[in-house]
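> sequence first, predicted coordinates after that:
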Amino acid sequence: MATGFMLVLPACGIPQVCCPQPGPVLPESFNAVTNSPSMNPAPSAETLQQVSASDEESDATTFASFIEAADTQELSDDSPTTLQPAQVNSETSPSDLPSNGDVAVGDSAGNVTATNPYEELLEFEDDGVTDFDDEVINWENSARISWWEFFDDPNLTSLINEAFTGNQELKILAQEIRKACLEVQARQGEYLPFVTAGLGAGLEKSSRFTREGAVEDQLTAAPGRGFPEPLPDFLLGANVTWEIDIWKRLRNAKNAAAYRYLATREGRTFVMTRLVAEVAENYYELLALDNRLQTIDKTIEIQQQSKEFALAKKEAGRGTELAVQRFQADISKNQSEKLIIQQDIIEVENRVNFLLGRYPQPIARQADDYINLSMHSLSLGIPSQLLRNRADIRQAERELAAAGLDVKSARARFYPTLALNAGVGYQAFNTKYIFNSPESLIYNVAGDLVAPLINKKAIRADYLSANATQLQKVYDYQRTVLNAFTEVINWMAKVDNYGKSIEIKKQQLASLESSVDNATKLFQNARAEYMEVLFAQRDLMEARLVLIETKQQQLAAVVNAYQALGGGQF
């Protein structure tokens, strides 16, 4: 299973649209250490000072300054080692950006190339691990197990592979990745020079009673020749406009777009993790329904035998019609329950087909020995591994970083903007003179320094809105981390408790099977009433159904715990 499982989305996540292209370049402020939530958790609300919108207090504390300070702080000797970033491999992960300009996000002095988002975070080694006994505590995180190794059922792995290629939500997210990819390019183009070229032609006649007309009467285009009337005008030229990003407003906007692009990719990874869990959970539910159906069929068969024996006793004058009717009533009840289970199977199969992006059809599965079905054991690892493995945490982290850069970009709008304008071309009243140089040559160079004076209220509103959005992302990051740890604890507890419950129910089932055998033998020897047989059979069937349901819940808990740990290794 080492090949054929990975969904490759070249060219910004769009299958078979264009060739894979180089990935985007991360902002220079991105650092595997300072951006890792395990090393720099988001500050609490108390650490963020109230931001003033006045022009004089433009250096007010924001989370953007917190990020900048974190990037420049010196690491201690026992700080974890940062991995060197590596170029994204388009053969194993979605390609990033089209080739018309690698997105160089950050200053030229130390650009950081975009890494594979599944490898870009540092390999963290906790010094405290050596203080514990490895035989007592398992520091390995189960999320590092690939999904095709975690689920060893070939039917299930085949369904998951098909879901990766056919699921509509993944296709929608592929377009979102493409849009975020193009947004980075759009923001990059804003701080590069704009070059335009054009052609022009026109006619002009000036009134003789104006200054222009009077001057033209006194001038000649050539010895013995006056200016044509009307006067043609032909122009060929090029213009350059460049806003000098002295306050890094445009650069920060582009960096924020790059972080949002990475967040979009992490969002897709999270959806893939959830998709694996949903397909597996529905698959195991199908196995449970198949076993419930087998249990009811077996119970109906036993009850049919008991009914025939009761009928034989009645015909021999040793029984009553009441016993036959009670056995028949239980048979009818179970036959009705069987139809309901068959309907549930149809609905669950269609849920799986919907996840796979295909029309209703049977789902291949193998339900032998369902009760003893085993899966990989789960281990929590250390908390920093959870922060590194959960795609939703990484997504919230990158959105938080983007919001901090948005604040910097909004604050820069209070400052003056410097723009350079230049043009060069040829202009003449006759096309045969247009390339006569230097007579027909024209050019201009100008610089503009523009500062906001009156419309500061709108700029201040945008600035405060960016700060509010930043705080939202802080709270969203904290909530995501809290939810992740809560999910892990809950699902791991369920896995443990359901496992213990199954062992107890197996013992109960063994006792009930023995009681049914004894009650049946006693009834056949006229030493027990038919009601004892009925009750024993009902208890046995209910115990089997409860055991199957508990096993289904245990498997669902294992799947969801694997997802909560961030498992998948996509």
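That came through, no problem.
> going forward, measure contacts between C-alpha atoms and count neighbours the same way
OK.
> could I get the full set of helices for the stretch 251-400 of the chain?
Here the stretch 251-400 of the chain has its helices, by DSSP state H, counting those that start in this stretch, at 321-356, 383-389, 391-411.
> for the chain, same thing?
Per DSSP state H, the chain carries helices over the ranges 10-13, 63-72, 147-150, 154-166, 168-190, 211-218, 249-315, 321-356, 383-389, 391-411, 456-524, 530-564.
> sorry, back to before: lowest average pLDDT across the helices of the stretch 251-400 of the chain?
Mean pLDDT values for the helices of the stretch 251-400 of the chain show the minimum at helix 383-389, a mean of 76.
> distance between that one and the chain's centre?
16 Å (Cα atoms, centre = their mean, to the nearest Å).
> what about Glu285, how many residues nearby?
Here the number of neighbours of Glu285 (other Cα atoms under 10 Å) works out to 23.
> contacting residues for it?
Contact analysis of Glu285 by Cα atoms under 8 Å, 6 or more residues apart in numbering lists Val348, Gln552.
> which one's the longest strand in this structure?
strand 231-244 (DSSP state E).
> now it and helix 249-315, what's the angle there?
70 degrees (axes from the mean of the first three to the mean of the last three Cα atoms, to 10 degrees).
> Arg187: how many residues sit nearby?
Count around Arg187 with other Cα under 10 Å applied: 20.
> make TSV from the helices of the chain and add distance to Glu243 to it.
Output for the helices of the chain, formatted as TSV (distance: least, Cα to Cα, whole Å):
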stretch	distance to Glu243
helix 10-13	29
helix 63-72	23
helix 147-150	49
helix 154-166	44
helix 168-190	8
helix 211-218	36
helix 249-315	9
helix 321-356	49
helix 383-389	39
helix 391-411	15
helix 456-524	19
helix 530-564	47
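> Gly200 is nearest to which of those helices?
For those, proximity to Gly200 was assessed by Cα to Cα; helix 211-218 is nearest, at 21.1 Å.
> need the residues that contact that closest one.
Helix 211-218 is contacted by residues Ser206, Ser207, Arg208, Gly226, Phe227 when judged by Cα under 8 Å, 6+ apart.
> tell me the buried residues in it?
Glu216 (16 or more other Cα atoms under 10 Å).
> pick out the residue nearest the middle of this protein.
Central residue of the chain (Cα atoms, centre = their mean): Gly267, 1.3 Å from the mean position.
> which ones are touching that one?
Ala391, Asp392, Gln395.
> re earlier: what's the closest of the helices of the chain to Pro362?
Closest approach to Pro362 among the helices of the chain (Cα to Cα): helix 321-356, 6.7 Å.
> same for that closest one, what does it pack against?
Contacts defined by 3 or more Cα pairs under 8 Å, 6 or more residues apart in numbering; DSSP states H and E place helix 321-356 against helix 154-166, helix 249-315, helix 530-564.
> what comes up buried for that helix?
Buried residues in helix 321-356, counted by 16+ other Cα under 10 Å: 323-324, 327-328, 330-331, 334, 338, 341, 345, 348-356.
> can you check stretch 285-294 too?
Glu285, Leu286, Leu287, Ala288, Leu289, Asp290, Asn291, Arg292, Leu293.
> with only the CA atoms kept, save that stretch in PDB.
The C-alpha coordinates for stretch 285-294 follow below in PDB (Å, rounded to 0.1, in the frame of the first residue of the first chain):
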ATOM      1  CA  GLU A 285     -21.600   0.700  11.200                       C
ATOM      2  CA  LEU A 286     -22.400  -1.400   8.100                       C
ATOM      3  CA  LEU A 287     -20.500  -4.300   9.600                       C
ATOM      4  CA  ALA A 288     -22.500  -3.900  12.800                       C
ATOM      5  CA  LEU A 289     -25.800  -3.900  10.900                       C
ATOM      6  CA  ASP A 290     -24.700  -7.000   9.100                       C
ATOM      7  CA  ASN A 291     -24.000  -8.800  12.400                       C
ATOM      8  CA  ARG A 292     -27.300  -7.600  13.900                       C
ATOM      9  CA  LEU A 293     -29.000  -9.100  10.800                       C
ATOM     10  CA  GLN A 294     -27.200 -12.400  11.300                       C
END
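> and that stretch, what's its mean pLDDT?
93.
> how close does Lys314 get to Tyr433?
Distance of Lys314 to Tyr433, given as Cα to Cα, to the nearest Å: 124 Å.
> I'd say Leu289 and Ile341 touch.
Yes. Counting by Cα atoms under 8 Å, Leu289 touches Ile341, with 6.6 Å between them.
> neighbours of Asn160, how many?
One thing to correct before we go on: residue 160 is Ile, not Asn. 27.
> what number of residues lie near the nearest residue to it once chain neighbours are set aside?
Excluding its sequence neighbours, the residue lying closest to Ile160 (Cα to Cα, 6 or more residues apart in numbering) is Val276, at 6.1 Å. Val276 has 27 neighbours, counted by other Cα under 10 Å.
> I figured Val276 was touching Leu159, is that so?
No. Counting by Cα under 8 Å, Val276 does not reach Leu159; the two are 9.3 Å apart.
> how close does Lys313 sit to Asp517?
For Lys313, the distance to Asp517 - Cα to Cα - is 19 Å.
> my error: substitute Glu162 in the last question.
Taken as Cα to Cα, the span from Glu162 to Asp517 is 46 Å.
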